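Asker: no sequence for this one, just the structure:
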């Protein structure tokens, strides 16, 4: 291997288990996943187009294994302790090597026919510094566990801050609605425990609370209609100073 042939940098490698799937040998499905980044340059423009178009998709990895056990006899094939040939069938049982004591997964390459037929590129993500993220891109970048640039991370933080502010305002408005409902409940249903009624309201959404508040307000006004505390101007007496003599 030579560095001039390198087109991407693998910066993280890990195993991921899928409990809903089994291998052809009845074992729990475990995939080796590598995350890599590639710089867009003129020299690798064609390769990037082939990856994006699905032409370059299948991959094969290179790893370091201290031992390779034979599936037929269980001996170490790396130490030439068995004579079985991988890929051949012995008495109805396929011979294959079981990699053991893996110390490193150091490279992966695009190949025409991979040893593992499902091995390949699963997703990609393109960074565009000059374009702001919209809501869909922000949610996608979080839920798909893709890498983001510092500027995109800042936009995500700003978006989260806006959501927190909106959530706080909504919570304050919800508290005012519950207070109004609690007051109207004392007028309409004085026998009901207002504290318990308020606790039940905390599980309702704002739209339902607003509808309930408006309905209870009408009922309360019908029971206790508003009364003017001051008489009208037409009922006031015009001062004529007849009580005084000069």
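Answerer: Perfect, I can see it now. Predicted, not measured: the structure shown is a model, and the values here were computed from it. Numbers count the residues shown, from 1 in each chain.

Asker: so what pLDDT did residue 194 get?
Answerer: Residue 194 is assigned 68 on the pLDDT scale.

Asker: For the remainder of this discussion, apply numbering that starts at 550.
Answerer: With the count now opening at 550, the last piece we talked about shows up as residue 743.

Asker: burial of residue 580, as a residue count?
Answerer: 14 (other C-beta atoms under 10 Å). C-beta coordinates here come from the backbone N, C-alpha and C atoms, glycine included.

Asker: ok, it - contacts?
Answerer: Residues in contact with residue 580 (C-beta atoms under 8 Å, 6 or more residues apart in numbering) are 564, 565, 566, 567.

Asker: what do you get for residue 736?
Answerer: 768, 769, 772, 773.

Asker: The helix or strand of the chain with the lowest mean pLDDT: what's the following helix or strand?
Answerer: Counting by mean pLDDT, DSSP states H and E, the chain has its least confident helix or strand at helix 684-692, which shows a mean of 56. The helix or strand immediately downstream of helix 684-692 is helix 699-737, counting by DSSP states H and E.

Asker: for the next helix or strand after that next one, packing partners?
Answerer: For helix 699-737, the following helix or strand on the C-terminal side (DSSP H and E) is helix 743-750. Applying 3 or more C-beta pairs under 8 Å, 6 or more residues apart in numbering; DSSP states H and E, one finds that helix 743-750 makes contact with helix 699-737.

Asker: mind listing the strands in the protein by residue range?
Answerer: Ranges of strands in the chain, per DSSP state E, are 558-571, 577-586, 608-619, 638-639, 642-643, 646-659.

Asker: Packed most tightly, which of the ones you listed would that be?
Answerer: Among the strands of the chain, ranked by average contacts under mean count of other C-beta atoms under 10 Å, first place goes to strand 608-619 (a mean of 15).

Asker: what packs against that strand?
Answerer: Looks like strand 608-619 contacts strand 646-659 (3+ C-beta pairs under 8 Å, 6+ apart).

Asker: Run through this protein and note the low-pLDDT ranges.
Answerer: The model of the chain has pLDDT under 70 over residues 550-552, 671-699, 701, 743, 775-795.

Asker: and of the contacts of residue 580, the nearest to residue 666?
Answerer: residue 567 (16.1 Å; C-beta to C-beta).

Asker: And this protein, what are its domain boundaries?
Answerer: 552-673, 699-772 (automatic domain parsing).

Asker: Which among the contacts of residue 736 count as buried?
Answerer: residue 769 (16 or more other C-beta atoms under 10 Å).

Asker: and the contacts of residue 736, which two are the farthest apart?
Answerer: Top of the distance list for the contacts of residue 736 (C-beta to C-beta): 768 and 773, 10.0 Å.

Asker: on that earlier part again, dump the contacts of residue 580 to CSV, plus distance to residue 752.
Answerer: Below are the contacts of residue 580 laid out as CSV (distance: C-beta to C-beta, whole Å):
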residue, distance to residue 752
564, 42
565, 37
566, 37
567, 36
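
Asker: Closest one to residue 722 out of these, please.
Answerer: Once C-beta to C-beta is applied, the member of the contacts of residue 580 that ends up nearest residue 722 is residue 565, at 42.9 Å.

Asker: for residue 602, phi and psi?
Answerer: Per-residue torsions, residue 602: phi -80, psi 0 (degrees, to the nearest 10).

Asker: Just give me the neighbour total for it.
Answerer: Neighbours around residue 602, by other C-beta under 10 Å: 9.

Asker: And residue 590, by the same measure?
Answerer: Neighbour number of residue 590 under other C-beta under 10 Å is 10.
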